[in-house]
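*Asks:* Output the structure for:
(2 chains)
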Amino acid sequence: MHDLRMVRDQVDALREGMRRRGKLDQFAPVIDEAEALDRERRAAITAVEEKKAQRNVLTQEVGRLKKAMADAEAPMAAARALGDEIVALEARLAPTEARLTELLLDIPNIPLADVPAGDESHNRIVREWGTPRAEGSAKPHWEVGATLGLLDLERGAKVAGSGFVVYRGAGARLLRALANAMLDLHTGEFGYEELWVPTLVNRATMTGTGQLPKFEDDMYGVKDDDLFLIPTAEVPITNLYREEILAASDLPRGFTAMSACFRREAGSAGKDTRGVLRVHEFHKVELVRYCEPEQGEAELERLVGHAEAVLQRLELPYRVVLLAAGDTGFSSAKTYDLEVFSPGVGAWLEVSSCSVCTDFQARRANIRYRPEGGGKPRFVCTLNGSGLAFPRVFAALLEHHQRPDGSVALPAFLRPWMGRDVIDVAR
RNA sequence: GGACAGGUGGCCGAGUGGUUGAAGGCACCGGUCUCGAAAACCGGCAUACCGGCAACGGUAUCGUGAGUUCGAAUCUCACCCUGUCCGCCA
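*Replies:* As a prediction, this is how the structure comes out:
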């Protein structure tokens, strides 16, 4: 959500941000309406408050007269009349404010200056690590997974539906190993606090991080209880300190959690959906950071580094992609995707998306901190990224570390949790 | 799910219709004292919005939302949350 002052004082920056996202046509009318409503709102507030001030004077006069056992009928009648006017004025103000909030909640974050303008064709590869195997040099993960008994897509579909996966045997254990290895790395070496969070959250929480109100159709919900299944642990973690004021000494601060993630993925059938590439329910280890606004960009680099470290230890070649404005998510001001090449699928798989959300989410969720030495509370800067998402890492491991006989070599990083060096048919 | 008891500022905690934005304490900031620190003492210290270049003025906020009233932290209703007991239960 944007500050009203953004609409008032920095409309040009707002418009320019939307233009770079390729969405000026969509948002120009919204911004225009917001500007008009802001003017209406201020005029109405001034009028209402003037009446209220007058009433407060009369009311105090009534109090004085009553205490002196004097007749207070005249000021009481005047205050009553003012009260009627106030009710009428507020009735006009309420819909204006509601509509204004609705509009502000609907406008995406403004991309940072170094984010390329345009759609995804303007995404920029900023660095690469390792050498990917040639396309076709390995069987796709769904074949290996079936052969080695790691994946049971048919029964996943039977018990839940298409896009739900059952992992079995060493496959199931591999996910558990990923969770342990990643969480230990982030907590042990990078200083994150480990959390275990609810996967079902309320409407205020979903609004805080930006999933609602705009993307309600993309979410699974429990209608009777007005709860939603989280699409990522970013949602509960970022909302941990909703409506709170932190101390400056608390920042920067990092949290990590493994959780299930639920995505309806409506309308995305067919594209890159084979095997476990795009599923309705998956698990991942999430990283969330809070910091002071000035540290946002530096913190993003750190965060990306933490996610990259996982890929390096998994010995999976990857590239870091700076997303263009049009490909950057709603709440994000700048995003790096980490992509691993999948030789069996013949595609780069997004295994992490690391974003700095500036004060966009903090404003929605009202997460503030008190600066060093006191002073006015400021909104924190929030960041999030996967570290990493399991299914595509699972796929990449099965393909990249696949040996000619169809078995899969395990990187040293995972061996303590797997109790073996290789996943093969024999076991 | 049922019965009680509660939800007040960064934290604790007074306050049951009329200068209460709200006593007191803690924490924090500044000062006196001290070589320095601690202690003690003095002073300051909520948030948001509106108007104003500013000084400052105004409005709102005591879980949330309605209501009663000239006036609500205080009364009424609904809802949410917390605690305790009961029921149920992985």
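*Asks:* So residue A:109: helix, strand or coil?
*Replies:* coil (DSSP: H, G, I helix; E, B strand; the rest coil).
*Asks:* how many neighbours does it have?
*Replies:* 24 (other C-beta atoms under 10 Å). Heads up, the C-betas are built off the backbone N, CA and C, glycines and all.
*Asks:* wait, what's in contact with it?
*Replies:* Residue A:109 makes contact with A:17, A:328, A:330-333, A:357-358, A:360 under the criterion C-beta atoms under 8 Å, 6 or more residues apart in numbering.
*Asks:* possible to save those as a markdown table with distance to RNA strand B, pLDDT and secondary structure?
*Replies:* Below are the contacts of residue A:109 laid out as a markdown table (distance: C-beta to the nearest atom of the strand, whole Å; pLDDT from 0 to 100; DSSP: H, G, I helix; E, B strand; the rest coil):
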| residue | distance to RNA strand B | pLDDT | secondary structure |
| --- | --- | --- | --- |
| A:17 | 20 | 97 | helix |
| A:328 | 26 | 97 | coil |
| A:330 | 22 | 96 | coil |
| A:331 | 20 | 96 | coil |
| A:332 | 23 | 97 | coil |
| A:333 | 20 | 97 | coil |
| A:357 | 19 | 97 | coil |
| A:358 | 17 | 95 | coil |
| A:360 | 15 | 94 | helix |
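*Asks:* Show me which of those are buried.
*Replies:* Using 16 or more other C-beta atoms under 10 Å as the burial test, those include A:17, A:328, A:330-333, A:357-358, A:360 as buried.
*Asks:* So which bits of chain A are right by RNA strand B?
*Replies:* Applying C-beta under 7 Å from any atom of the strand, one finds that chain A approaches RNA strand B through A:3-4, A:42, A:45-46, A:48-50, A:52-53, A:55-56, A:58-60, A:62-63, A:66-67, A:72, A:76, A:79-80, A:83, A:245, A:373-374, A:376-377.
*Asks:* Drop anything exposed from the residues you listed.
*Replies:* Of the residues of chain A next to RNA strand B, these count as buried by 16+ other C-beta under 10 Å: A:4, A:48, A:52, A:55, A:58, A:62, A:72, A:76, A:79.
*Asks:* Those residues: which two are farthest apart?
*Replies:* A:4 and A:72 (40.2 Å; C-beta to C-beta).
*Asks:* and residue A:90, what does it touch?
*Replies:* So residue A:90 contacts residue A:48 (C-beta under 8 Å, 6+ apart).
*Asks:* and the gap between it and residue A:34?
*Replies:* Plainly put, residue A:90 is 21 Å away from residue A:34 if you go by C-beta to C-beta, to the nearest Å.
*Asks:* Report the secondary structure state of the closest residue to residue A:217 other than its chain neighbours.
*Replies:* In space, and not counting its chain neighbours, residue A:217 is closest to residue A:266: 6.7 Å by C-beta to C-beta, 6 or more residues apart in numbering. Secondary structure for residue A:266, judged by three-state DSSP, is coil.
*Asks:* hang on, isn't residue A:266 packed against residue A:216?
*Replies:* No - shown here, residue A:266 and residue A:216 do not form a contact pair, counting by C-beta atoms under 8 Å, at 11.5 Å.
*Asks:* buried stuff in stretch A:244-259?
*Replies:* Using 16+ other C-beta under 10 Å as the burial criterion, the residues of stretch A:244-259 that qualify are A:246, A:251-259.
*Asks:* what distance separates that stretch from the centre of its chain?
*Replies:* In terms of C-alpha atoms, centre = their mean, to the nearest Å, the centre of stretch A:244-259 is found 15 Å from the chain centre.
*Asks:* Show me where the stretch 101-250 of chain A has its helices.
*Replies:* Assigned by DSSP state H, counting those that start in this stretch, the helices in the stretch 101-250 of chain A fall at A:141-147, A:153-159, A:169-190, A:203-209, A:234-238.
*Asks:* what's the most buried one of these?
*Replies:* helix A:234-238 (a mean of 28; mean count of other C-beta atoms under 10 Å).
*Asks:* so what's residue A:353 bridging to?
*Replies:* Beta-bridge partners recorded for residue A:353 (DSSP bridges): residue A:337.
*Asks:* contacting residues around it?
*Replies:* Applying C-beta under 8 Å, 6+ apart, the residues near residue A:353 are A:329, A:335-338, A:385-386.
*Asks:* same check, this time on residue A:208
*Replies:* Applying C-beta under 8 Å, 6+ apart, the residues contacting residue A:208 are A:235, A:238-239, A:242, A:361, A:364-365.
*Asks:* what do you get for residue A:20?
*Replies:* By C-beta under 8 Å, 6+ apart, residue A:20 lies in contact with A:111, A:115, A:117-118, A:325-326.
*Asks:* just curious, which of the residues you listed is nearest to RNA strand B?
*Replies:* Nearest to RNA strand B among those is residue A:111, at 23.5 Å by C-beta to the nearest atom of the strand.
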